[in-house]
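In: coordinates for the following, if possible.
(2 chains)
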Number of protein chains: 2
Amino acid sequence: MSTGPALLTDRYELTMVAAALADGTADRDCVFEVFARRLPHGRRYGVVAGTSRLLEELPRFRFSDEDLATLRDQGLTDARLLDWLAAFSFSGDVDGYAEGEFFFPGSPVLTVRAPFAEGVLLETLILSVLNHDSAIASAAARMVAAACERPCIEMGSRRTHEQAAVAAARAAHLVGFGSTSNLEAGRRYGVPTTGTSAHAFTLLHDDEASAFRAQLAALGVGTTLLVDTYDVDQGIRTAIEVAGPELGAIRLDSGDLPTLATHARQLLDELGATNTRIIVTSDLDEYAIAGLMAAPVDGYGVGTSLVTGSGAPTAGMVYKLVERDGVPVVKRSEGKNSVGGRKHAVRRHSADGTATAEVICSGPVTPEDGDRQLVVELVRGGRVCEPASPREALVAARAHHERVRATLPQEAWALSRGDCAIETVTA
Amino acid sequence: MSTGPALLTDRYELTMVAAALADGTADRDCVFEVFARRLPHGRRYGVVAGTSRLLEELPRFRFSDEDLATLRDQGLTDARLLDWLAAFSFSGDVDGYAEGEFFFPGSPVLTVRAPFAEGVLLETLILSVLNHDSAIASAAARMVAAACERPCIEMGSRRTHEQAAVAAARAAHLVGFGSTSNLEAGRRYGVPTTGTSAHAFTLLHDDEASAFRAQLAALGVGTTLLVDTYDVDQGIRTAIEVAGPELGAIRLDSGDLPTLATHARQLLDELGATNTRIIVTSDLDEYAIAGLMAAPVDGYGVGTSLVTGSGAPTAGMVYKLVERDGVPVVKRSEGKNSVGGRKHAVRRHSADGTATAEVICSGPVTPEDGDRQLVVELVRGGRVCEPASPREALVAARAHHERVRATLPQEAWALSRGDCAIETVTA
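Out: Down below sits the predicted model:
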């Protein structure tokens, strides 16, 4: 197995390094910028996620002897390139939005300043991590908003790549999901894990009552019983019969959930189980969650839709060279919408603290009252500025997200397609 | 870091094991089946992928002391469970469709026979791998079909999780993509890697001609020059001026590609570069590829759309308990569409060898002329039947896919939404 992330890279990054080393341009001082040109599907905001995962990988982005051998096998035999890679460790600067921050079209979510060869080498990994994690966080934030204060549980591991699942659980927790089914996300990032049982457990048993008894014996009366394997009504009656009215929760995983949840609540109340909660699952997305607003539901388990970004499985971020030896550069097809040069960004707020604009500027922004600087120092001279454990970093990002969440205008929370919650102003 | 895949698992698999160990049902002989209820978006087929990745992980699916410690930290403190996990290694049987095989609704693409506790423990990993890889392979196969014989290059790493990217490159190659940009896919699976340069490389240089010269010096005249950083016409002229008419290829990454490719071909021919190929990239999907059928294009680079499954980022496969101690079981909500019990499957063919039906049966299928058994033995008593290196397994799956591809009826290759290419018959 490769020991680090260095080969999680597009081949052309290396051929560009080789060519730049050969013609003496490899050391040109460059600024690369990560931004999204637009938000998908009329979304009103995006959420930056993945930054800390990146910072964790950065010191490990080195080429081992085995890595170099595999590059040779793949025909990358240029001796100057291989020598340079053998000695490579990132020496540049990285600035960016704090993880958990909102972003809008053009927001400079990450900026890398380094010699060309160093900056270009990181492109693929940076985009993979930010595009994936931000896509999940952006979708998850809409689900959390739709759920209002009701808890959301991430349970989509089985619907995405096994390692993407861990990052997805992390991204969901970052924006407010309370827990995940994914044990590795618990281990690596300290995300609380939850889980009780599936239909298979009921089917394993001779009857539903035996299955419920077994689960209660193992997990206690606070557990969640899945009551829709056979008949839901009978399932609820059996659950309360076996567990008593102190049963923690029931789970509904099929059917027309608003109707079913209302009916289940009535039945539970009739049976005296007035504190037994109702958890719903079954292909929920932010719209289905919103559709359950008036139903007596106590928690949402979300799977497929979450880990696939609810229709936008990638965040559409790009990594562009914007400055070379202090000169802004821009390719022609982006000329109209894109400004070369390193960007500064502040979020502007009204007097009551509500965000009103994302101000993006090639030079420093003239500050106004209530402006908040969005770009923070992440790496200086190749060193992470504020090293944190994966768990600490997630706690900090989650706290930051919760804080800035309160500043977005109310229109941000509409699920319908629309304009961005705040305008991007290029000053 | 965790050493194996055991924690890439939903917590409820473990709580079910705990409860089943406690009530004596953990050893019940069970059959779990992986299948998709439907194909997404009126697709006409799906392609099974991921099987060999799974078989590679299976022997590593063990709980280390560190894994057990983290489970304890997460509150999974049941001593019987932890002892059982410490001793766990899979001892059951796995059968399934050969990797690269087509599947249709209800096709039993993987079947696990094992004591309940062992079978249920593998659910999450099995589904993660098969759902992801099959989603990518299914989308990629449509792109390969749309490209007819023109080569497709996978270059989507930056649009998906960094490890999913490697699996995506593998899945694309499995169904006929010629190469990938992903270096790790080259290392791990022997997928040919390709890559030349990006717009950043041109922008790095004082002018386009200098950039082209540097690339040619490093990569040779057979390389692909990206000609649309500034003016495409001028870019092509500069490319041939600098490289001569022996230039390998140009790449177009923006604009209206059918028009632009036609124009570029004329210009290249005028300049005597009649053998210089035209590679197109820029948000291609199977429809855009088909739309370029009449254009003088020599290769397609596909990114975002490929690694996100072209609108279907997960294959929708589920893992269901279908038999317990020899008795078929089925939950009520699936009663209408789903038959309990272990399945057998053959593909039926007409006299000329064209597939006509997927015959799925709870008992052995009465064979007819031209039937092909679809289910092969993968694991017996916990041991992989035909161990192969990751590279060998991919070669075999690719060959199998190519072979069976020729048997699908012509309707299969239509890109429009429609019925499955062949009917699923439950006998």
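
In: okay, now the residue in the stretch 51-200 of chain A positioned nearest to chain B: neighbour count?
Out: Chain B sits closest to A:Gly195 of the stretch 51-200 of chain A, with a gap of 3.1 Å, by C-beta to the nearest C-beta. Using the backbone N, CA and C atoms, a C-beta is placed for each residue, glycine as well. As a burial measure, A:Gly195 scores 24 neighbours (other C-beta atoms under 10 Å in any protein chain shown).

In: same thing with A:Gly244?
Out: Applying other C-beta under 10 Å, we find 14 residues neighbouring A:Gly244.

In: which residue is the nearest non-sequential neighbour of it?
Out: Leaving aside its sequence neighbours, A:Gly244 sits nearest to A:Val221 (C-beta to C-beta, 6 or more residues apart in numbering or on different chains; 6.8 Å).

In: now do the contacts for that neighbour.
Out: Going by C-beta atoms under 8 Å, 6 or more residues apart in numbering or on different chains, A:Val221 touches A:243-244, A:246-248.

In: with A:Ile250 instead?
Out: A:224-227, A:235-236, A:239, A:264, A:268, A:276-279.

In: let's see which of those end up in strands.
Out: A:224-226, A:277-279 (DSSP state E).

In: write the PyMOL selection for whichever of those are buried.
Out: Per 16 or more other C-beta atoms under 10 Å in any protein chain shown, the buried members of the ones in strands among the contacts of A:Ile250 correspond to this PyMOL selection:
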select buried, chain A and resi 224+225+226+277+278+279
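
In: before we move on, back to that, out of the contacts of A:Val221, which is most surrounded?
Out: A:Leu247 (24 neighbours).

In: next structured bit after the longest helix seen in chain A?
Out: In chain A, taking DSSP state H as the definition, the longest helix is helix A:123-146. Sequence-wise, the next helix or strand downstream of helix A:123-146 (DSSP states H and E) is strand A:152-154.

In: show me what from the stretch 1-150 of chain A comes close to chain B.
Out: When proximity is defined as C-beta under 8 Å from any C-beta of the partner chain, the stretch 1-150 of chain A approaches chain B at A:2, A:5, A:7-16, A:18-20, A:22-23, A:25, A:28, A:30, A:32, A:67, A:70-71, A:73-74, A:78, A:116, A:120, A:123-125, A:127-129, A:131-132.

In: from chain B, how far out is A:Pro364?
Out: 24 Å (C-beta to the nearest C-beta, to the nearest Å).

In: name the nearest residue to that residue, sequence neighbours excluded.
Out: Once flanking residues are discounted, A:Pro364 sits nearest to A:His344: 5.4 Å by C-beta to C-beta, 6+ apart.

In: show me what contacts that neighbour?
Out: Neighbour list for A:His344: A:108, A:360-365, A:375 [criterion: C-beta under 8 Å, 6+ apart].

In: quick check on it: phi, psi?
Out: Backbone torsions for A:His344, taken as degrees, to the nearest 10, come to phi -110, psi 150.

In: A:Leu76 now?
Out: Dihedral angles (degrees, to the nearest 10) for A:Leu76: phi -90, psi 80.

In: which non-adjacent residue is nearest it?
Out: That would be A:Leu14: by C-beta to C-beta, 6+ apart, it lies 5.9 Å from A:Leu76.

In: OK, contacts around the one you found?
Out: A:71, A:76, A:81, A:85, A:121, B:183, B:195.

In: next, format these as CSV and append pLDDT.
Out: As requested, the contacts of A:Leu14 are exported to CSV (pLDDT from 0 to 100):
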residue, pLDDT
A:Leu71, 98
A:Leu76, 97
A:Leu81, 98
A:Leu85, 98
A:Leu121, 98
B:Leu183, 98
B:Gly195, 96
